[in-house]
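only geometry, no sequence info:
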């Protein structure tokens, strides 16, 4: 293809690419006459703070309190669907964000409910259901609430209008001494052992508890649990769940499901994608910018992938999907069509280089351990702790360069040939050569005779790598600003 004249992607026939690639009922009735501003979700007793109770996205209470700070290093911004601002990591300090624990998110959710309740004056648990129906968009809820058709609104949200609750309760009042038959287990109990929602359907507390536990723990349902009665779509409120569930783990899981829904619906919030992390990043405005969690994970706020400068989210998403699809069908394509074989060769050229840098990054912890040992050896040769810190700095730069190079091959795969793409290829090749030289320096054995020489070479080379990486990123972002890049729609 014309777009790849600057590359030589010949390969052996056997070359392949693969990717490895969360009180009594009567007393309660009296209390419900007034709006309840307190949500029981905040009163759950925590159990096993380190336990991951849901899927990967389930939040957990506990952890460090995040601080307001600039975006983490690692590249420039503006990698969303449209052109992004130029510059590298030095220009990202204006992107402010906050790292929060799930407990802080819960407090934020309760505050949001309280703000709405100051206007509409409903029980907090009903307001939470209304907000959830509108994806926590307060403005949309307010607009619908005051459009004059409250009955339609409450019906859409599957809740009973709080103003009609007292009349419903009077219609369903029975003597506490009278026995009733549960319509689930068909056992007879005193009326006091039964409870239900404002729809009037009552079941024994044991069946309620088992029903809610199954919905929460096995089906992962939180905000959409409906009344157990056949054909009834009235949703179970939070206070009812917390009153009828006795298992603290089930309560915690329910809290996580509600909190997770709040985060997923809020465009200013994003869970950290690290598997064992329970923090949430809160930004002032959503954008494809780098953010760093308290756990150390740096990711793109827009797409949630590892920070991927200089390629945009759109192209990275297509690339990941292509890698997943082509890894299973590449052999069949190569064997059956000559035209597809040429496309496969081109894909494997970029994929192999992408994967090479990815594999190198996966040995990052091993490399840091090796360098730490070398730093200790150098201190035994009369060098101070301060004097040997250049080695750690060199590894930091090496890893940054490999991450950048890895994503340049994704960017290049979709790039059409023009004069600017030639400049990009030259910058890419220069950075790649310098990165490999730096890697070679760090792998050498260190003796007392070569100590000062290797220190000077390593320092000179990592400074050069930093400079070339900055030049490459600045050029790509300049192309975004000036609309210089043309893409191959794969």
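Great, that's in hand. This is a predicted model, so every value here is computed, not measured. Residues are numbered from 1 along each chain as shown.

going by C-alpha atoms from here, please, whenever you check contacts or count neighbours.
Fine.

next SSE downstream of the lowest-mean-pLDDT helix or strand in the chain?
Within the chain, confidence by mean pLDDT, DSSP states H and E is lowest for strand 68-70 among all helices and strands, at a mean of 29. Using DSSP states H and E, the next helix or strand after strand 68-70 towards the C-terminus is strand 96-101.

report the rounded mean pLDDT for that next one.
In this model, strand 96-101 has an average pLDDT of 92.

pull out the buried residues from it.
For strand 96-101, burial by neighbour count (16 or more other C-alpha atoms under 10 Å) applies to 97, 98, 99, 100, 101.

for the second one, list each beta-bridge partner.
Going by DSSP bridges, residue 98 is paired in beta bridges with residue 68, residue 282.

for the longest helix seen in the chain, packing partners?
With secondary structure taken from DSSP state H, the chain has its longest helix at helix 451-482. Packed against helix 451-482, as judged by 3 or more C-alpha pairs under 8 Å, 6 or more residues apart in numbering; DSSP states H and E, are the following elements: helix 389-413, helix 419-443.

pick the most buried one from those helices.
Per-stretch averages of neighbours, counted by mean count of other C-alpha atoms under 10 Å, single out helix 389-413 among those, with a mean of 21.

what is that helix packed up against?
Under the contact rule (3+ C-alpha pairs under 8 Å, 6+ apart), helix 389-413 is packed against helix 313-336, helix 338-362, helix 364-380, helix 419-443, helix 451-482.

what sits up against that helix?
The set of residues external to helix 389-413 that reach it, using C-alpha atoms under 8 Å, 6 or more residues apart in numbering, is 74, 308-312, 315-316, 319, 347, 350-351, 353-355, 357-358, 360-361, 364, 367-368, 371-372, 375, 428, 431-432, 435, 438-439, 442, 455, 458-459, 462, 465-466, 469.

got it, and stretch 221-239?
Residues lying outside stretch 221-239 but in contact with it, judged by C-alpha under 8 Å, 6+ apart, are 39-41, 125-126, 129, 132, 158-160, 197, 199, 201, 211-212, 215-216, 254, 257-258.

quick check: buried residues in it?
221-229, 233-239.

burial of residue 255, as a residue count?
Neighbourhood size, residue 255 [other C-alpha atoms under 10 Å]: 27.

domain assignment for this protein?
In the assignment given by automatic domain parsing, the structural domains of the chain cover 2-16+311-482, 35-300.

mind giving me CSV with those and columns for distance to residue 488?
CSV is the format used below for the domains of the chain (distance: least, C-alpha to C-alpha, whole Å):
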stretch, distance to residue 488
domain 2-16+311-482, 5
domain 35-300, 15
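
mean neighbour count, the ones you listed: which tops it?
A comparison of those by mean neighbour count, using mean count of other C-alpha under 10 Å, puts domain 35-300 on top with a mean of 18.

centre of the chain to that domain, how far?
Its chain's C-alpha centre lies 17 Å from the corresponding centre of domain 35-300 when counted by C-alpha atoms, centre = their mean, to the nearest Å.

quick check: which ranges of the chain have low pLDDT?
Across the chain, the ranges flagged by pLDDT under 70 are 1-93, 165-177, 326-339, 446-449, 490.

strands along the stretch 201-350 of the chain, start to end?
Ranges of strands within the stretch 201-350 of the chain are 202-204, 269-271, 279-283, 290-292, 298-300, based on DSSP state E, counting those that start in this stretch.

between those, which gets nearest to residue 117?
Each of the strands of the stretch 201-350 of the chain has some distance to residue 117 by C-alpha to C-alpha; the shortest is strand 269-271, at 22.3 Å.

what helices or strands is the closest one leaning on?
Packed against strand 269-271, as judged by 3+ C-alpha pairs under 8 Å, 6+ apart, are the following elements: helix 248-265, strand 279-283.

what's in contact with that strand?
57, 59, 263, 264, 278, 279, 280, 281, 282, 283, 301, 304.

within the sheet, what are the partner strands of that strand, with directions?
Each strand that pairs with strand 269-271, with its direction, by DSSP bridges: strand 279-283 (antiparallel).

list of residues touching the strand it pairs with?
Counting contacts by C-alpha under 8 Å, 6+ apart, the residues touching strand 279-283 from outside are 59-60, 63, 96-102, 105, 268-272, 291, 293-294.

just stretch 295-308 next, same as before
Taking contacts as C-alpha under 8 Å, 6+ apart, the residues outside stretch 295-308 that touch it are 72, 74-75, 80, 270, 272-274, 277, 286-292, 313, 316, 403-404, 407.

end-to-end on it?
Using C-alpha to C-alpha, to the nearest Å, the end-to-end distance of stretch 295-308 comes to 19 Å.

from the chain's centroid, how far away is that stretch?
Taking C-alpha atoms, centre = their mean, one finds stretch 295-308 lying 8 Å from the centre of the chain it belongs to.

what sits against residue 371?
Applying C-alpha under 8 Å, 6+ apart, we find residue 371 in contact with 391, 392, 395, 442.

typo on my end, it should be residue 197
227, 234, 236.

before we move on, what about residue 250?
The contact partners of residue 250, by C-alpha under 8 Å, 6+ apart, come to 213, 216, 217.

redo that, cut-off 10 Å
53, 212, 213, 214, 216, 217, 241, 242, 256 (C-alpha atoms under 10 Å, 6 or more residues apart in numbering).

then residue 185?
Contacts for residue 185 were tallied using C-alpha under 10 Å, 6+ apart; they are 203, 204, 206, 207.

list of residues touching stretch 157-164?
Where contact means C-alpha under 10 Å, 6+ apart, the residues beyond stretch 157-164 that reach it are 32-35, 121-123, 126, 129-134, 150-155, 168, 197-199, 224, 226, 232-237.

that one spans what distance, first to last residue?
End-to-end distance for stretch 157-164: 15 Å, by C-alpha to C-alpha.

no further questions, thank you.
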